[in-house]
Each structure stands twice: as structure tokens, then as C-alpha cells.
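>>> what follows is a protein structure lacking sequence information:
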Ligand code: NAI
């Protein structure tokens, strides 16, 4: 049996992954704000340091895999921009860099990062925003989207997921990751019915935007089904998967860019 870490283990897709891994007999170290083995606020440097250290201690220096599901949705609010950027970007890359030696110590560890289909379906993420993410300068990220006013949250959200996907693809093929046997990939869901989406649906303007968004299959995705994709990406069958961003979104990405991949 294997030892995994799952961030965002208390809710939605992270919770579904945690339950399914445990049902298979694996050990899961959950990381979340509440109801987890490691309690840590990934929006702060201290919280991220604690998550890195406490997980390494709990795992005994060896991790067979990691699932980075903690994240915040594109809910508007000035203070929210910083939180989205910190949790969705730094809460992935800093943790993975901290856990990398433990992942390298395992035999063919697998990592799944939650991206989003907003990476390809939300237009107009400025290149300066992506550059600021790559520099890990969150003040600069927030300044870079000021021009969008009340529409800034979806831009920062899509920017955080684009930036984290770029990081996954760059790191995945490097000596530190592929070279040490670690498989690093991302999953890009469309609208999945979890507490995150339910919160957005409870706000009339956000609900209208979500419900009018083209989804060729129709409706919303299921958290348990997305968890099944994660379990497959953690399995031995995925040993040849490296640096991929897998869209599971009812067809929206294909609808918007059939020829562009
Ligand atoms: P959720 O809201 O149900 O669960 C997210 C978890 O992250 C929660 O348990 C929450 O406590 C944790 N979290 C949030 N802020 C945190 C912080 N500062 N420190 C530690 N933990 C924190 O969300 P859901 O829908 O399961 O989302 C999982 C991932 O999938 C997220 O990264 C999200 O951006 C992404 N995603 C979700 C989509 C959806 O439609 N639900 C669509 C595309 C991507």
C-alpha cells in the first residue's frame, strides 16, 4: 500500500480522491484548513512552510504521490485576488518543491495538479500577469489586473491555473522531476458540482455566466468521476504520462479550440 498527500482533502474533488484512495487501503495525509491530518493555511508563507514540514514528517521522508486539489474559485472581491493567487499558484509550486525529495525517494511517484479548463476558455489573461506569477510576485499579479475592475477575479483565477499548468509542463520534463522518476501531470476540469461551484451558483450573476457557458455534453461534472481520473493518473498505467494537461470538461475546450492544440 502507498502513501499519498492530498491538499484540499476536506471538500469536493480532494475529498473524493482521499476517500477513494483510503478505500483502496492507501495512507492519505490530508492537508486543509479544517478536518485534515495537517492543518495549514496555504494562502500564507507560514502555512505553506508548515504544510511542507508536517507532511514530510508524517510521511517519513517518502511519498508515492501527491494530489494538489486545494484551490479557490473566481469569486469577486478585492481581498480575494491575493488569496486566489497565493493558494492556487504558490500553494502548489512551493509545496511540490518542498516535497520533491520525498517524491524522488519513492519508486515512480505520481503527481496530479488541479488546473482548470479556464486556462483555454477564459480570454485575455495578460502576459504581464503570467510573468508576475512566474516571478512569484503576488503584489504584481494583483496590480497587473487592476484595469479589469470587478471582472478581475476570473482573470486572476484563469491566470493562476495557466501559470500553474505552465509550471507543471516545464518542471515535468526536467532533470529534477522526470529525471528522478517522478511523473508530474495536471487535470483540467470544467464545471464540476462541488461546494466551490455551488457557492458560485448561489450568486445570481455568477450563476448566469456559468449556466450560459457552452458545455457540449451539457450539465455539470461529478466529483467522484473526476476522482476516478486522478486515481488513474496515480496508477501504474500512467507511468508514460508526463507533463500532460488532461481536460475533463464535457467538451468546452474542444468547442472553443478544435484545431488549437
Ligand atoms: P472545494 O471548494 O470543494 O474544495 C477546495 C478545498 O480547498 C477546500 O477543502 C478548502 O478548504 C481548501 N482550501 C481553500 N483555501 C485553502 C487554504 N487557504 N489553505 C488550505 N486549504 C484551502 O473545491 P473543488 O471544486 O473540489 O476544487 C478542487 C480544485 O479543482 C481547485 O483547485 C479548483 O480550482 C479546481 N477546479 C474546480 C472546478 C469546479 O468546477 N469545481 C473546475 C475547475 C477546476
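Thanks, I have the structure now. Note that the structure is a prediction, hence the values are computed from the model and not measured.

>>> what sits against whatever residue of the stretch 51-200 of the chain ends up closest to the ligand?
Of all residues in the stretch 51-200 of the chain, residue 71 sits closest to the ligand, at 2.2 Å by C-beta to the nearest ligand atom. Every C-beta, even on glycine, is put in place using the N, C-alpha and C of the backbone. Residue 71 makes contact with 8, 87-88, 91, 114, 196 under the criterion C-beta atoms under 8 Å, 6 or more residues apart in numbering.

>>> let me see the contact set for the most centrally placed residue in the chain.
Per C-alpha atoms, centre = their mean, the C-alpha nearest to the average position across the chain is that of residue 114, at 2.6 Å. Remark: with contacts taken as C-beta under 8 Å, 6+ apart, residue 114 is in contact with 8, 13, 67-69, 71, 186-187, 189.

>>> show me what from the stretch 51-200 of the chain comes close to the ligand.
The stretch 51-200 of the chain has residues 69-73, 87, 114, 116, 189, 191-192, 194-197 near the ligand, with proximity defined as C-beta under 6 Å from any ligand atom.

>>> write the PyMOL selection for whichever of those residues are buried.
For the buried members of these, the matching PyMOL selection, counting by 16 or more other C-beta atoms under 10 Å, is:
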select buried, resi 69+70+71+72+73+87+114+116+189+191+192+194+196+197
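
>>> which ones among the residues of the stretch 51-200 of the chain next to the ligand map onto helices?
Using DSSP state H, 195-197 are the members of those that sit in helices.

>>> farthest pair within the residues of the stretch 51-200 of the chain next to the ligand?
The span of these, defined through C-beta to C-beta, is set by 87 and 191 at 19.3 Å.

>>> for the stretch 1-150 of the chain, what spans make up the strands?
Counting by DSSP state E, counting those that start in this stretch, the stretch 1-150 of the chain has these strands, from start to end: 3-7, 27-32, 38-39, 65-68, 110-114.

>>> distance of the nearest residue to residue 193 once chain neighbours are set aside from residue 126?
Once flanking residues are discounted, residue 193 sits nearest to residue 220: 4.3 Å by C-beta to C-beta, 6 or more residues apart in numbering. The gap separating residue 220 from residue 126 is 29 Å, by C-beta to C-beta, to the nearest Å.

>>> these two: which has the busier surroundings?
Neighbour tally, residue 220 and residue 126, criterion other C-beta atoms under 10 Å: the higher count belongs to residue 220, 18 against 14.

>>> how about the more buried one, what does it touch?
Residues counted as contacts of residue 220 (C-beta under 8 Å, 6+ apart) are 191-193, 197.
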